[in-house]
Each structure stands twice: as C-alpha cells, then as structure tokens.
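Student: Predicted model and sequence below, questions to follow.
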Amino acid sequence: MSVLDSKIPEGSLKDKWTNHKNKIDLVNPANKRNIDIIVVGTGLAGGSAAASLAEMGYNVKTFCYQDSPRRAHSIAAQGGINAAKNYQNDGDSVYRLFYDTVKGGDYRSREANVHRLAEVSGNIIDQCVAQGVPFGRDYGGLLDNRSFGGVLVSRTFYAKGQTGQQLLLGAYSALNRQIAKGKVTMYNRHEMVELVKVDGKARGIIARNLETGELERHSAHAVVIASGGYGNVFFLSTNAMGSNATAAWKIHKKGAYFANPCYTQIHPTCIPRSGDHQSKLTLMSESLRNDGRIWVPKNLEDVLAIREGRLKPTDLQEEQRDYYLERKYPAFGNLVPRDVASRAAKERCDSGFGVNETGEAVYLDFSTAIKRYGKQEAAIARMENPNEEDILNLGEAVIEAKYGNLFQMYEKIVAENPYKTPMMIYPAVHYTMGGVWVDYNLMTSIEGCYCIGEANFSDHGANRLGASALMQGLADGYFVLPYTIGDYLSNEIRTGKISTETPEFEEAEKDVSERIEKLMNIKGTKSVDYFHKLLGKAMWEYVGMSRNEEGLKKAMSEIKQIRTNFWNDVRIPGDKNSLNSELVKAGRVADFLELGELFAKDALYRNESCGGHFREESVEEDGLQKGEAKRNDTDYAYVAAWEYTGEPSDAVMHKEELEFNDIELKQRSYK
Amino acid sequence: MDLTLKVWRQKNREDKGGLETYKVTGISENSSFLEMLDVMNEHLIMEGTEPVAFDHDCREGICGSCSLYINGEAHGPDRKVTTCQLHMRMFEDGETIYVEPWRSASMPVVKDLIVDRSSFERIQQSGGFVSVNTSGNTQDANALPIPKMNADKAFDVAACIGCGACVATCKNSSAMLFVAAKVSQFAYLPQGQLERKQRVLNMVEQMDKEGFGNCTNTGACEVECPKSISIEYIAKMNREYLSASITSEN
Amino acid sequence: MSTKLSSSSVGRKVLMALSGFFLLFFLAQHFVINLFSVVSEDTFNEVSHFMGTNSLVQFVLQPVLLFGVLFHLGMGMYLESKNRAARPIKYALDKPSENSNWMSRNMLITGIMIMLFLGLHFYDFWLPEIKDKFIDGKWDDPTKYFPHLQHKFQDLTRVIIYCISFVFLGLHLSHGFQSAFQSAGFNHNKYTPLIKKLGTLYAILIPVGFVIIALFHYFTQL
C-alpha cells in the first residue's frame, strides 16, 4: 500500500460524508476552550474556517500578509459560486454537480471529496445569505442564477461581477464578530515563514511581522494553511501581486507532500499583455462567454490589416470571421471549459491569427448579444419598428446591467469601448488545481497540519470549472474542516498549552533568521523582480499552455540555474528590521524558484494530456477528436504526491491511485 | 513619457518624513500608475536606494490596498478607479506628479506611502456583521425573498472596498461614507434587522473613538469613491442613527 | 438619547441641521417682515410692533433664537476644530475643487462673516431696541420702527457692508440649505433634486431680496 492514506470513509458514495460526520470524534465545549488553532491566510477558505472554528469555541490565531483580512485575493473572483440548489428547475442535483466537477476536472480528482463538495454546496448559499451577502436576485425577490462554462445547467449564484468580494466580505464579517469577541486574534501584515514541528506534529509557526521585521513564535495544537495558489510562479498571472506559495512550500519542506503541481488553469478570458512594463494580468469573468462570441478573422490579410490599424474589427463581415469555438465545438460553442477554450485561442494565435500587436489576442464580441437583447427589450417596451440605434441602446443597457463593472474595467485598462468594438482577450494563468496533498479530513501528510482552499489539491482534478473555486474554499472553511479537525484535536485535549520556549521553536526561528541574513548579505546586482521575470518566462515558455518532454527538461535545468543565480546575485536594499517589501518579495521568489522546478518535473512525469496539463506527445491522432488532448487512464489515473528530499529535482513521487466507482471514465467531448 | 515625481518618503511611524524628487523616463502611456512606480523602484534598487514602499495587491481595483494621493486627489485624476487602475495616459509627458499617502490622524503613515488603516478594522468589528453562526441548517436561501431593489441597493453599498479614499479626500477626514456603506447594507436586508439599532450606534461610536472628523456634506467622498458609493447612504445612516438613538433600549 | 445626540458625531451633525432649519425659518420670516417696509410703512410698523411687544415672541422665541444662533456658531466652530485635528498633516498638493464646491468647504468662513455682520446688525437694531425696552422702559411706540430703519440705511458704507454680508449669507445658504436636509437624513432621489433646487432658489432670493430692500431704502432717501 502507498504511504498515502486518503482515509476515504467506507460506504456508498452518497453516504460517506454523512457516515463520517456521524462517527468522527468530537471535542467537548469545555475542552475546545483550551485548544489553539493557527490559520494562515484569510481568504474564503481561511477566513471562513477561522470564523467557524472560533464560533465552535477554539482559540484561533489568524495571519495575513495584507493590512486587512478583507483584502485576500478571493476578493477578485468575479463570476460566481456553484451550488446544486436546482432553483432554476433545470434538472440540477447534487449528483450532477458532482458529475460535472469530476468530468470537468478530467477525472483526476478524488471522487469522495468532490461528492462531499457537491453535498455541502447548498449549505454555503444558505449560510452566505444568512450573513447578508447580497446575491443577485430576480424581481420576485428570489435568487438568480447564471450558467458557466462546461455545464448544461444554471447553478451559479452571483453578485454582479464581484461575487468573490461579497462572499469574502461575508466571511470577513463573521471573522470580525469573533475578533470582537476575543475568540480570534488577528495578525495583519504578518507572514508565516516556517512551520514548527514537535515530535512529528505541527505545533506552531514562525511568523514575521512585516512592519517591524520581528520574528514571532506562535504555538497551536493544529496549524491550518489557507494561503491560496501558486500561480505567481509564472510572474504574470491574474493573482494578486502578493499571492505566494511560501506557507504551502514551507510545510512541503517540512514533510507535507505536494500534489499535482503541474495542474494549472490558464483562464481563457483575460486582458492581453500590453508591454514589458506589465506587472499582472486582469481577468474578465468567464460569465462574459455567456453573451460574448469569440472569433478571429478568417483571412491572414485581415489580421495584418487589423494589427497595422488599417482595418477595424467592426469592418469585417460575418463571413470574414472565424468563430472558431462555435466551429470546433458545436455542442458547447463559446461555453466549453476553460482549458479547451484557452488551448483553442493559443492554437489560433500560434497559427498567426492573433489580433493585437503582440499577436496574442482574440476577439470577444458582444454585438450579437446586444442586438438580441435590444430586440427583446424593444418588444417588452412595445416599441413599434424600433430603429437600429434604439435597439443598440437598449441592448447595451442590458449588457451593462449584467457586466457593467467588467466593461468599465476593460475600458479603463485598454482605453477602448467594449460596447462598440469587440474586447480583446487572451489566456492567462489564473488558478492552480495542484497543491498540498491532503486526506479526506484535509490533513496534510504532517500530523496536525491542515491545508484548505486553493492551497490544497483536492477537488478540481486537472481542471477547475468556473465558479467552483469559491465553492471549494467556503466548503472547506465552513463545512468540512470545522468537523474533520475535531477528529485530530480530540486526541489533543490533554496536551495543554504549548510552550514556544522549546528547542524546536528555537531552531525554527534560527533557521529563518539565518535565511534572512543570507538573503540580505548577497548584495548582488539584480533586483528580485528580475529573477522572478526570468522564472516566469521559463515557466510560460516550457510549462505553459502546452508542454513537451524536451521543453520540460530544459525548464528544470533553467529554473535551477536561475535559482543559483538568484542566491548569488540578488540585491535587497534596506534592512531586515523594518518594512522591507523587497526582502518579503525575495523570500517568496526564493520559494517559487524551487516550486517551479518541481512543477516542471511533475509535468514531465505526467506523459498524458489531462485538463490544464497538455502534453504535445499525447493527442488524439484521428477521428472526430483529432488534435484534442488525449488522456491516459490506464497509466495516469493517480495523484502524484511529491515528497521533499532536499532538491526539487530529487523529490520522490508517491502515487495515490484514483478509484472511480460511481462514475464512468469517459473521453471529455464538448463537440 | 518622462515624468518628475515628488514622492513622500518616511522611514517609519516616528520619522518626520518629507518629499523627495525622482525622475522617471520612457514610461508607456499604457502602463498603470503602479507599474510606473515599479519602474521607478527598479531604478532606485539599481542605484542602491531603498525603493518607495506602497500598498498594493490585486492590481485590478477590488482589494482596496492601494492608497495614493496623486496630484491632490485620492487615487489620482481619473474617476471611479483605484490607483492601480489609473493609467499613465491620464497624464502629460513631462508633468510633475505629487504622490502622497492618505492623510488622517486615524490613518497614520507606517512607511513612505503606506498607512495604517486598522481604524477601519475596529469599526467593522464593532458591528459590521450579522450574528449568525456557521451551521448546515440555516433556512433555505430562497425562504427569505428580498425585493430586488433592496438587494441591489445593499449590493451597491456592499461594493465598498475599504480603501479609505473617502477619508483621504474629505477635508475633515471623516469616515462617514465608509461606515454608512456597511450600516446601510444591513439596514436594507431582512437579515440585518435584529441588530439594526445596536449596529449603527456601535459603529458610529467606534468611528468617533478613532478620531475621524465629522461630515460637512461637501460630497467630495462620493466623487472620489472608486465604487461611486453615494452620500445618499450617509443620510440613511443619519436616519438610522437618529431613530436608533431615540428608540433603542440602551 | 440626549447624551448620544450631543456627544456623537452624527448627533452633533443632526443638531447643526436642526438649528440650521430653525435659522432658515427665522430668516424667511425676517425677510417677509422686512418686505413690508418696501410695501407699506404702516404694515411694517404694525408687524414690527407685534413682534417687539408680544410676550411669546419676546420671552420665548427671542431667547430661543439667540440660543439657536449661538449654538449654530459654537457647534460649527467646535466641529471645525475637531475636523482640523483629524488631519494634523496637510497634503503638499491638494485639489479639493476637483470634487467639491467652495461653499461647501468654507461654511466656517461664510459663517463667521455672517456673525460679524450680525454684530453690526445687533448694534444697529437689537441693542437700541433692548435699550428702549429694558433700560428706558419705553414699550409702546408703534411708529418708531420704520423711521429707525430708514435712518440706518442713509449711510452708504453701512449699505455696502450689508450688501456684501448678504453675499456671504447667500454662499452659506447655498450649501447650508440642502446640507441641513442631508444631515437630518433626508436624501432620496425622488425629492433631493427638488430640495437642491429649492436651496439654490432660497440662497439667491432671500439675500438678493435683503439687498434690494437695503438699496431701496438707501435710494429712496437720497
């Protein structure tokens, strides 16, 4: 048997979670008061977990690097959150949500986890509404839904284009209530820089106060990592500037296995890069694909004319446009899952059809929808023979009501009016499905150390469907971890207060302080960003949307080289005992430089195409699916959990075989 | 574009601080204001000077981290944007640009352009929530229909990103728009009714404790608010407060 | 309740608004009475006499008015000092005109100008009246009001000072009128546009009216 024990409960799929909850050990209320829990990260997962654990009676310490928990990057999620409520009466059910999520993840996720996720999805909406989250509603006062890519039902709840913000503010308000009660102690502008283990169990962390540079010891009976994904390993991504993998990577180095790092989601609808000054990429919600049609010109001459500004996209007639998603995938059209849409855009641009100066952009066009809505509205208003302009105005008003903030954001960034001319979009790194390996209880391979939200690997397999990330973050934080953590903590009731004056804390703090000292003393010639950009370039080139053996090997050696150079030549001005943004960045980039290599290694070992991971060696050779990604279930239906052994290239892989009892493994077809 | 920047530098909370002048060259007008600062910082690092510290994170106008007073206006001359969404095309080549931190006694400077906004945190903790515990059995979400107009209004105010531009721009450094946004959000929703009175009383009390100034209805905050939250909600908060202070039990 | 109203920021703001409403009302009333001086000497005297001798007006409303004026001034100054303390370090470059109008930002200046004017106004009309009644004990001369008024407006300097003061009054009112509604919690897209229009109208008509009255008496006596 593998060293990995996923602890999936016995019983039929739909009873597993219920049975597990019924049998799980509980901690009595009096004992909870004597138990401390550390939560690192205050996004949807961390914020909701911290609030819920504190409500239950545990003493919680929460850490975030921002100046407020409300600024965690969950806030930027736009589109929505899935839940199997079937409010639209379109045949949705827990099973369908489960099925869509497993299928969307290209059959690389753990069945039991995903089913649990689907089961609690409805509770999340109930909980959030009770907190006062202002979801979009219809005129009857009931909750409204959207449809999202890759599914055939409308199950996505939303708050305009700011769903993540509203959900996070809900969790933040719950957290605030506990802070006010003294049940949560909040540490803003603090970064976890080391995990402290005592006798093999997670017993605390070393945190750095980012304002004063002070190193602090914090002890607890359990440590929860909710620090988000590692998309910033690509330098340019839709993640926040500060999003980092440090907490996750530190626990990995202390013994937590890192699973499937190569599963990255490249989101199809982002604003294209405009130049080298670019610091990050901005997402345009996937919900736009409900109404936007994606196209490039049919003829290369038109492409050139557009790039040189001789031709405007609106000048091209319908027959001169190639709506390539509708052409290739007639069943799902513009609503194919993200991985498929992204690769299709890349394919068109690689073939020379990219429509902006960099050749990396396709159009997302709303004119059809504007006209359609306009006619509808005119009919509702009983206008007789409305003219073209009235129809456009009415249609634009509908689009504005649905996506106003996104259109405004686009216009501010690109300085073009997307109501009048099609948006330009291009795929960008957005989400990482891989992450710290956890068992069914969300515990990592370190006892007492948990990992939730995007930081773990558990629910999305090789590709995440739209509006599933918010669902998973809140499911983990509100409805899973608060129960499962009791199973471990019930054995901790006799432990008593954990001292930070022990050799283990001493040593951990010393390690951190030496590492910082080392970074400060390099006094090299290049900035942290210089190395980060190099890493990003190597990642995007070789470990981006499409990967092959040669490129991946090259990536591994290049990243190693960048890492060596970094440790010899990075320059960090200022001092370590004050607010030093460069030092903070350096610590994070140092970790990315290791993670990137493991990422490439994982991609190298997975010689199949699945979800966000596309290996050029593994494509369908013929038939209807010719050229599409080819999955290999015989050899690769496993989770690759990597054990740290010193160098990322020496990491040892442990396989957790994935068993599918309730779902038939099928070729994903969106044709 | 070539620009002259006058940037506030301050080592730490105790330092007196002052404006420093820096030149930046070759800036693309398509870059954002923060990307322009990145370029400036890159140069400073190469010169061996400590780069200018400023708060920023999502860089897409939603996290509320960035907080710069640019050329005499919160988040700069553009409207309905945060600093990260402000683009250099709003400026002239050769222009001199002042970059200062938010100024308020309740938001002291931590370093350079970074301020301490924990006063906002304490206000939220004093009542910006509905007291409902996590449980899998709150009532079904649709068991509580909410008129679309109320839901939309609640959303409009809930859109506040807590950046502090209202305080920074108000001549009195008043935080009333910020507090009004949260008070109003819950006042419009049925979920917020039970604690409605206590919420507004507590939040206003905490706001006063933090030392923010009073509102004189200049309306500057709603103009500079990146999320266009209207002072209509300050009036609503005043109403809520008045009725709560008259009718509440304590 | 009372403690919260007088000790909290929102409460004080509401009190400012309430005293403002009261002063707005008083001002309108004062204006109407003055208007009689243009139309008819007798009516003016009659109304003035009523106001000057009615016990309710003299012993209830007058103290209330006095208190209202002083309260409005005192609270305004106090709030302004607190507001200034809320920003101890000013911006090196600030462009408040980009987002608000001058009147709204300078209520203290216009307010103080009005107060200075009130000093003169009290010296001109109120003190003589008090002297008449309470020192000289003369309560019953129903014809003295109009001549007294006329006498005051023979002096060009005084007329000019009055006129300038009314400009400040107008500026103060142009923000104060609608601001009082906002502070008291009245803001709704149905009626607020109307309030704003009324405010502008009030801020123009009343001061201009006073100016016309002053000029009328000056020119009719040339």
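Tutor: Okay, I see it. On a predicted model such as this, the values are computed, not experimentally measured, just so you know.

Student: ok, and what's touching stretch A:130-143?
Tutor: With contact meaning C-beta atoms under 8 Å, 6 or more residues apart in numbering or on different chains, stretch A:130-143 is reached by A:85, A:87, A:125, A:128-129, A:144, A:157-160, A:166-167, A:169-170, A:173-174, B:129-130, B:132, B:138-139, B:141-142, B:145-148, B:151-152, B:154-155, B:158, B:185-186, B:189, B:191-192. (Glycine included, C-beta is placed from N, CA and C.)

Student: Mark which of those are buried, thanks.
Tutor: Taking 16 or more other C-beta atoms under 10 Å in any protein chain shown as the criterion, what is buried in these is A:85, A:87, A:125, A:128-129, A:144, A:157-160, A:166-167, A:169-170, A:173-174, B:129-130, B:132, B:138, B:141-142, B:146, B:148, B:151-152, B:154-155, B:158, B:185-186, B:189, B:191-192.

Student: so of those, which ones are in helices?
Tutor: When the buried ones among the contacts of stretch A:130-143 are checked against helices (DSSP state H), the matches are A:125, A:128-129, A:166-167, A:169-170, A:173-174, B:148, B:151-152, B:154-155, B:158, B:185-186.

Student: Within reach of chain C, which of these are there?
Tutor: Among those, no residue is within reach of chain C (C-beta under 8 Å from any C-beta of the partner chain).

Student: and the longest helix belonging to chain C, what does it pack onto?
Tutor: If you go by DSSP H, chain C has its longest helix at helix C:9-39. Judged by 3 or more C-beta pairs under 8 Å, 6 or more residues apart in numbering or on different chains; DSSP states H and E, the packing partners of helix C:9-39 are helix B:196-209, helix B:232-247, helix C:2-7, helix C:41-53, helix C:62-85, helix C:156-183, helix C:192-220.

Student: Reformat those into JSON lines and put mean neighbour count, mean pLDDT and distance to chain A next to each item.
Tutor: Below are these laid out as JSON lines (neighbours: other C-beta atoms under 10 Å in any protein chain shown; pLDDT from 0 to 100; distance: least, C-beta to the nearest C-beta, whole Å):
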{"stretch": "helix B:196-209", "mean neighbour count": "22", "mean pLDDT": "96", "distance to chain A": "9"}
{"stretch": "helix B:232-247", "mean neighbour count": "21", "mean pLDDT": "95", "distance to chain A": "14"}
{"stretch": "helix C:2-7", "mean neighbour count": "13", "mean pLDDT": "72", "distance to chain A": "20"}
{"stretch": "helix C:41-53", "mean neighbour count": "16", "mean pLDDT": "93", "distance to chain A": "54"}
{"stretch": "helix C:62-85", "mean neighbour count": "16", "mean pLDDT": "96", "distance to chain A": "24"}
{"stretch": "helix C:156-183", "mean neighbour count": "20", "mean pLDDT": "96", "distance to chain A": "25"}
{"stretch": "helix C:192-220", "mean neighbour count": "16", "mean pLDDT": "96", "distance to chain A": "22"}
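
Student: With distance to residue A:475 as added columns, please give the ones you listed in CSV.
Tutor: Shown next, in CSV, are these (distance: least, C-beta to C-beta, whole Å):
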stretch, distance to residue A:475
helix B:196-209, 29
helix B:232-247, 33
helix C:2-7, 43
helix C:41-53, 74
helix C:62-85, 47
helix C:156-183, 44
helix C:192-220, 44
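
Student: right, so of these, which gets closest to residue A:300?
Tutor: Among the helices and strands packed on helix C:9-39, the nearest to residue A:300 by C-beta to C-beta is helix B:232-247 (53.7 Å).

Student: mind listing what's buried in the longest helix of chain C?
Tutor: For helix C:9-39, by 16+ other C-beta under 10 Å, it's C:9-24, C:27, C:31, C:33-34, C:36-37.

Student: any idea how far it is from the chain center?
Tutor: Relative to its parent chain, helix C:9-39 has a centroid offset of 6 Å by C-alpha atoms, centre = their mean, to the nearest Å.
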